[in-house]
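Peer 1: fold the following for me, if possible:
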Amino acid sequence: MLKIDLNSDLGENTPDRLVSDDESMLSIVTSANISCGFHAGSPEGIRDTVRAAVSGGVSVGAHPSYRDYQNFGRTAVDLDSATLQAHVEYQLGAMDGLARAAGGRMTYVKPHGALYNTIARDQRQAEAVVAAVRAIDPNLVLLGLAGGVVLRVAQEAGLTVAAEAFADRAYLPDGQLVSRSQDGAVLHDPAAVSQRMLRLVEDGQLEAIDGSQIRLEAQSICVHGDSPGSVAMAAETRRVLESAGVTIAPFAGAR
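Peer 2: Below is the predicted model of the structure:
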């Protein structure tokens, strides 16, 4: 039986910067990557999203980033390893506390934005993030880009890992994501996106931006909460997958 998780980046809203419809997305996805405050969101808003996820039976994941609120965590930062590890540990500790206060548990970690992209190829920063996860809770699952360096580093360190594919992002032939600065990097058509994800789940293949075919093994599919039309894309992706007999379930269950 085919099975896949659907996840989305949530908890990123503030009164003056609304980027996602958390309530609607939580009714569709099975895992929520919830901001830890360094790139977006507010303590009260993040807490509300955690509570809603726990109440709805959605798996709670920490979504740590570089300390880059102004740029939404999308600017790469060359931090030394000790500083990066401390920043990630701080964020995971906050999310763990909020999840426990809501009656749930943090079950996984998915880094955000520029940090996510950096550790997909940079071993030093990947090792710092993995060290932070192990220090907070070695039972947490690390979710990262399929084929990324961080997944190998995490496995070698004894962590459980899960690979992720993106419904709403274009890929390069080497399996990396197309930079958001390039045309065509972000996908918007729910019908096209859903069929693309069905092929991924059934055949393990995606079409890269140049038309070539790449192979990806993924346990989770992300629809970014801040993408235009994200709720429609997530809903249609879930409908198409379930209609094809695919089970939608979290990759990291409650503990």
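Peer 1: from now on I want contacts and neighbour counts done on CA atoms only, so please keep to that.
Peer 2: Fine.
Peer 1: any idea which residue sits dead centre in this protein?
Peer 2: With distances taken as Cα atoms, centre = their mean, the residue of the chain nearest its centroid is residue 110 (4.9 Å).
Peer 1: which ones are touching that residue?
Peer 2: 33, 61-64, 116, 142-144 (Cα atoms under 8 Å, 6 or more residues apart in numbering).
Peer 1: quick check, pLDDT for it.
Peer 2: Looking at residue 110, its pLDDT is 98.
Peer 1: what distance do you get for it to residue 250?
Peer 2: Using Cα to Cα, to the nearest Å, residue 110 is found at 14 Å from residue 250.
Peer 1: low-confidence ranges, the chain, go.
Peer 2: Filtered on pLDDT under 70, the chain yields the residue ranges 254-255.
Peer 1: CA atoms only: put the longest helix belonging to it into PDB for me.
Peer 2: Ranked by residue count under DSSP state H, the longest helix found in the chain is helix 81-101. Taking Å, rounded to 0.1, in the frame of the first residue of the first chain, the C-alpha atoms of helix 81-101 are listed here in PDB:
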ATOM      1  CA  SER A  81      29.100  25.900  14.300                       C
ATOM      2  CA  ALA A  82      28.800  26.600  18.000                       C
ATOM      3  CA  THR A  83      26.500  29.600  17.400                       C
ATOM      4  CA  LEU A  84      24.400  27.800  14.900                       C
ATOM      5  CA  GLN A  85      23.900  24.800  17.200                       C
ATOM      6  CA  ALA A  86      22.900  27.100  20.100                       C
ATOM      7  CA  HIS A  87      20.400  28.900  17.900                       C
ATOM      8  CA  VAL A  88      18.800  25.700  16.800                       C
ATOM      9  CA  GLU A  89      18.700  24.200  20.300                       C
ATOM     10  CA  TYR A  90      17.000  27.400  21.600                       C
ATOM     11  CA  GLN A  91      14.300  27.200  19.000                       C
ATOM     12  CA  LEU A  92      13.700  23.400  19.500                       C
ATOM     13  CA  GLY A  93      13.500  24.000  23.200                       C
ATOM     14  CA  ALA A  94      10.800  26.600  22.800                       C
ATOM     15  CA  MET A  95       8.800  24.400  20.400                       C
ATOM     16  CA  ASP A  96       9.100  21.400  22.700                       C
ATOM     17  CA  GLY A  97       7.700  23.500  25.600                       C
ATOM     18  CA  LEU A  98       4.800  24.800  23.600                       C
ATOM     19  CA  ALA A  99       3.900  21.400  22.400                       C
ATOM     20  CA  ARG A 100       3.900  19.900  25.900                       C
ATOM     21  CA  ALA A 101       1.900  22.800  27.200                       C
END
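Peer 1: and that helix, which residues are buried?
Peer 2: Neighbour-count burial for helix 81-101, with 16 or more other Cα atoms under 10 Å as criterion, is recorded at 81, 84-85, 87-93, 95-96, 98-99.
Peer 1: so which residues of the protein form strands?
Peer 2: Using DSSP state E, the strands of the chain run over 3-10, 31-35, 59-63, 106-109, 141-145, 160-166, 205-207, 213-215, 220-222, 247-248.
Peer 1: now these as CSV including mean neighbour count?
Peer 2: What follows is those, written out as CSV (neighbours: other Cα atoms under 10 Å):
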stretch, mean neighbour count
strand 3-10, 24
strand 31-35, 29
strand 59-63, 30
strand 106-109, 26
strand 141-145, 26
strand 160-166, 21
strand 205-207, 19
strand 213-215, 16
strand 220-222, 24
strand 247-248, 17
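Peer 1: quick one: which of those is nearest residue 231?
Peer 2: strand 3-10 (9.9 Å; Cα to Cα).
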